[in-house]
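Colleague: fold the following, please.
(2 chains)
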Amino acid sequence: SQQGEEDPQALSIQEGENATMNCSYKTSINNLQWYRQNSGRGLVHLILIRSNEREKHSGRLRVTLDTSKKSSSLLITASRAADTASYFCALFQGGSEKLVFGKGTKLTVNP
Amino acid sequence: NAGVTQTPKFQVLKTGQSMTLQCAQDMNHEYMSWYRQDPGMGLRLIHYSVGAGITDQGEVPNGYNVSRSTTEDFPLRLLSAAPSQTSVYFCASRPLDRGHGYTFGSGTRLTVV
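Modeller: Below you'll find the model as predicted:
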């Protein structure tokens, strides 16, 4: 079934460094979404990128989409300890209304 | 504050008991859904609804029942709880247009003993 797969599963960096995580998928998409989940909390929507877009920015976040490679990347610049969280990509399964999530990348930003 | 409200936050059930997890949103979103999150499994879709009176199954619907009588509410019923249903449950909503992100509730942590 259509599901994004994040890579790496876990990432540990120092404050101030950039963090990059990737999402690969298998079939065509309408859009791809990124979410953040702090420990013990609900998910928070970060960015949605449509299939006809190649790059999108939101503050310190930059998302790219390469539909030819069926992959997306989330870059967090100048990371902070507060960015410590799990990050998920999500996309719609086929033409359905079902949004499916990958298993996530766990990011740790050390002070 | 506008958003998705889930109750209760924590619940312990005995095997075989039934209960209803509540979800309410005040953003007039047509689409609502229930996910469960287990360690190492990510989020899995249980049931979803595209509007009042319309529901459909997700990836893992067995053992759960839903109904949508109003736009605001989307309760999830566990008919006969099993230990395999121990999980964290999240409710989420969005406008019907797929070009919007989802708003998630803060979750219900359920333990079945």
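Colleague: for the spatially most central residue of chain B, what are its contacts?
Modeller: Geometric centre of chain B, nearest residue: residue B:34, 3.0 Å, by CA atoms, centre = their mean. Applying CB atoms under 8 Å, 6 or more residues apart in numbering or on different chains to residue B:34 gives the contacts B:21, B:23, B:45-48, B:58, B:64, B:66, B:74, B:76, B:89-92. All C-beta atoms are positioned from the backbone trio N, CA, C, and that covers glycine.
Colleague: of those, which belong to strands?
Modeller: B:21, B:23, B:45-48, B:64, B:66, B:76, B:89-92 (DSSP state E).
Colleague: which among those residues are in contact with chain A?
Modeller: Contacts with chain A within the ones in strands among the contacts of residue B:34, counted by CB under 8 Å from any CB of the partner chain: B:45, B:48, B:90, B:92.
Colleague: how about residue 26, phi and psi?
Modeller: Because you didn't say which chain, this covers chain A. phi -110, psi -30 (degrees, to the nearest 10).
Colleague: residue A:104 against residue A:87, yeah?
Modeller: Yes. Look at residue A:104 against residue A:87 with CB atoms under 8 Å: they come within range, at 6.2 Å.
Colleague: who touches both of those two?
Modeller: Listed as contacting both residue A:104 and residue A:87 by CB under 8 Å, 6+ apart are A:6, A:37.
Colleague: what about the chain, any weak spots by pLDDT?
Modeller: Using chain A. Across chain A, the ranges flagged by pLDDT under 70 are A:1-2.
Colleague: oops, chain B please
Modeller: Residue ranges of chain B with pLDDT under 70: B:1.
Colleague: in it, which residue sits closest to chain A?
Modeller: Going by CB to the nearest CB, chain A is nearest to residue B:101 of chain B, at 3.1 Å.
Colleague: does that residue touch residue A:45 like I think?
Modeller: Yes. Under the criterion of CB under 8 Å, residue B:101 makes contact with residue A:45 at 3.1 Å.
Colleague: which one of these two has more residues nearby?
Modeller: residue B:101 (20 against 17; other CB atoms under 10 Å in any protein chain shown).
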